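Q: here you go, sequence then predicted model.
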Amino acid sequence: MTLRSYPAVKLIESFNPDTSHISIGEAFGLSRSTIYKWQQRKIMLSVWQADKYAIKLGLHPSEVWHDWFELESS
């Protein structure tokens with residue numbers, strides 16, 4: 001069974017569009033360049049990373065990724 005991955009850009013979309021990459025990075029403990037890469041390179045996060053970063057925003061991952069509880073088809 002392969003673990004699902006989730007688009008990091010959905011975390012960025014949780015912020016006001018005027019929020020700087022620096023401020024978003026600070027919320028996650030990451031650099032501005034990492035946030036830029038998430039946005040530009042369509043980075044996918046593992047289930048563990050997705051959970052970790054959603055929690056840093058005070059959210060359950062299902063509040064960011066609405067398909068969080070969907071099962072993968074075999």
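A: In hand now; what should we look at? Because the structure is predicted, anything quoted here is derived from the model rather than measured.

Q: please, where are all the helices along the chain?
A: Listed in chain order, the helices of the chain (DSSP state H) span 9-12, 21-28, 32-40, 47-56, 61-64.

Q: and the second one, what other elements does it pack with?
A: Read that as helix 21-28. With contacts taken as 3 or more Cβ pairs under 8 Å, 6 or more residues apart in numbering; DSSP states H and E, helix 21-28 sits against helix 32-40, helix 47-56. No exception for glycine: its C-beta is placed from N, CA and C like everyone else's.

Q: what's near enough to touch residue 68?
A: Contact analysis of residue 68 by Cβ atoms under 8 Å, 6 or more residues apart in numbering lists 6, 60, 61, 62.

Q: in ChimeraX, select just the buried ones from those residues.
A: Here is the ChimeraX command that selects the buried residues among those (16 or more other Cβ atoms under 10 Å):
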select :6,61
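
Q: kindly reformat the contacts of residue 68 as JSON lines containing distance to residue 41.
A: What follows is those, written out as JSON lines (distance: Cβ to Cβ, whole Å):
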{"residue": "6", "distance to residue 41": "15"}
{"residue": "60", "distance to residue 41": "26"}
{"residue": "61", "distance to residue 41": "21"}
{"residue": "62", "distance to residue 41": "25"}
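
Q: any chance of the contacts of residue 68 in CSV with distance to residue 13 and pLDDT as columns?
A: CSV is the format used below for these (distance: Cβ to Cβ, whole Å; pLDDT from 0 to 100):
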residue, distance to residue 13, pLDDT
6, 12, 97
60, 16, 96
61, 14, 96
62, 15, 95
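
Q: greatest separation within the contacts of residue 68: which pair is it?
A: 6 and 60 (12.9 Å; Cβ to Cβ).

Q: remind me which residues of the protein are low pLDDT?
A: Applying pLDDT under 70 to the chain picks out residues 1-2, 71-74.

Q: please name the residues that touch the closest residue to residue 8 other than its chain neighbours.
A: In this structure, residue 8 finds its nearest non-sequential neighbour in residue 38, 3.8 Å apart by Cβ to Cβ, 6 or more residues apart in numbering. Going by Cβ under 8 Å, 6+ apart, residue 38 touches 8, 9, 11, 12.

Q: so residue 47 is in contact with residue 6, correct?
A: Yes: with contact defined as Cβ atoms under 8 Å, residue 47 and residue 6 form a contacting pair (7.3 Å).
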